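Visitor: below is the sequence, then the predicted model.
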Amino acid sequence: MDRFFTFEGIEGCGKTTQMRMAGDYLKSRGLMVTVTEEPGGSGFGRKIRDILLNKSSEDICAEAELLLFLSARAQHVKDVIKPALLREEIVLCDRFSDATLAYQGFGRGLNIETIHAMNAFATTALKPDKTFLFDLSPEMGLKRALSRISQRDHFLKEDRFEQEQIQFHERVREGYLSLAKMDPDRFIIIDASDGINAIQEQLRSLLLSFVNG
Ligand code: TMP
């Protein structure tokens, strides 16, 4: 029986909406579910999220960025994820260790093996049971993400990553796909260009089969 599920993909892939809808659905079936996100998930994590995602922040080098994501993750695992798993709840988490490999490793060019080791340290080797990768072209994803951000309040833009060049998002997408190739038992690739209802239907039935399996 799988309980720890993560949701990954480039900006604008729709994973957050899909994860929240699936969480509500599982709860409506009487299951105990914790829905959480990275960076964030706790007071400490949200403060780090502010530093990391707002364009107005001063320049942060790739190494410092990596350490901040990992720091947020360590606290998140300890305060939110592990306690929920110990309560035998289902945990749906918006991004986790794979995001650091894809963005800071494949995107920024930091050493992949080093990030693997640092992820293991930050998470005390906790791995998701299953990871849903919402795959989409960066052109489509960024179009969606930037139109959503333009409707937000100035202080809530959180657009530091969306402002990166399209080549950065290509590397992140390819990075995710190669992570999925290396771990085909854990990754499920979802075509994020499909309609919202079709994706939700697919996700619900996959989740139910993994939870009951
Ligand atoms: P999101 O709320 O759209 O998922 O935004 C989180 C952003 O942070 C997204 O651009 C990806 C980035 N990110 C990393 O670069 N590394 C990480 O480890 C995590 C969790 C997120």
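Guide: On my side now, so go ahead. What you are looking at is a predicted structure, and each value in this text was computed from that prediction instead of being measured.
Visitor: from the contact counts, what lies against the helix or strand of the chain with the lowest mean pLDDT?
Guide: Least confident helix or strand, the chain: helix 138-150 with a mean of 89, by mean pLDDT, DSSP states H and E. Judged by 3 or more CB pairs under 8 Å, 6 or more residues apart in numbering; DSSP states H and E, helix 138-150 is in contact with helix 166-182. The C-beta positions use only the backbone N, C-alpha and C, and glycine is treated the same way.
Visitor: the next helix-or-strand element following the helix it packs on - what's its average pLDDT?
Guide: Next along the chain after helix 166-182, taking DSSP states H and E as the criterion, comes strand 187-191. The average pLDDT within strand 187-191 is 98.
Visitor: could you dump strand 187-191 to CSV, C-alpha only?
Guide: Extracted in CSV, the C-alpha atoms of strand 187-191 (Å, rounded to 0.1, in the frame of the first residue of the first chain):
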residue,chain,number,x,y,z
PHE,A,187,7.4,7.6,-11.7
ILE,A,188,4.1,7.9,-13.6
ILE,A,189,4.2,10.4,-16.5
ILE,A,190,1.0,12.3,-17.1
ASP,A,191,0.5,14.2,-20.3
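Visitor: number the residues from 46 up from this point.
Guide: In the new numbering, first residue 46, that becomes strand 232-236.
Visitor: run the chain-centre distance for it.
Guide: Counting by CA atoms, centre = their mean, to the nearest Å, strand 232-236 is centred 13 Å from the centre of its parent chain.
Visitor: which outside residues touch that strand?
Guide: The contact list for strand 232-236 (CB atoms under 8 Å, 6 or more residues apart in numbering) reads 175-180, 222, 224-225, 244, 247-248, 251.
Visitor: tell me who's in contact with the closest residue to Arg153 other than its chain neighbours.
Guide: Excluding the flanking residues, the one nearest Arg153 by CB to CB, 6 or more residues apart in numbering is Ala107, at 4.3 Å. Taking CB under 8 Å, 6+ apart as the criterion, Ala107 is in contact with Gln149, Arg153, Gly154, Leu155.
Visitor: Arg216 versus the third one, what's the distance?
Guide: In this case it means Gly154. Distance of Gly154 to Arg216, given as CB to CB, to the nearest Å: 8 Å.
Visitor: what of the first one?
Guide: Relative to Arg216, Gln149 is positioned 11 Å away (CB to CB).
Visitor: quick one: the host helix or strand of Ser116 near the ligand?
Guide: Using DSSP H and E, Ser116 falls within helix 107-121. Yes - using CB under 6 Å from any ligand atom, helix 107-121 reaches the ligand at Phe114.
Visitor: that older thread, among the contacts of strand 232-236, which ones are in helices?
Guide: Leu222, Leu224, Ala225, Ile244, Gln247, Leu248, Leu251 (DSSP state H).
Visitor: name all residues that make contact with Asp204.
Guide: Here Asp204 is in contact with Leu98, Asn99, Lys100, Leu191, Ile194 (criterion: CB under 8 Å, 6+ apart).
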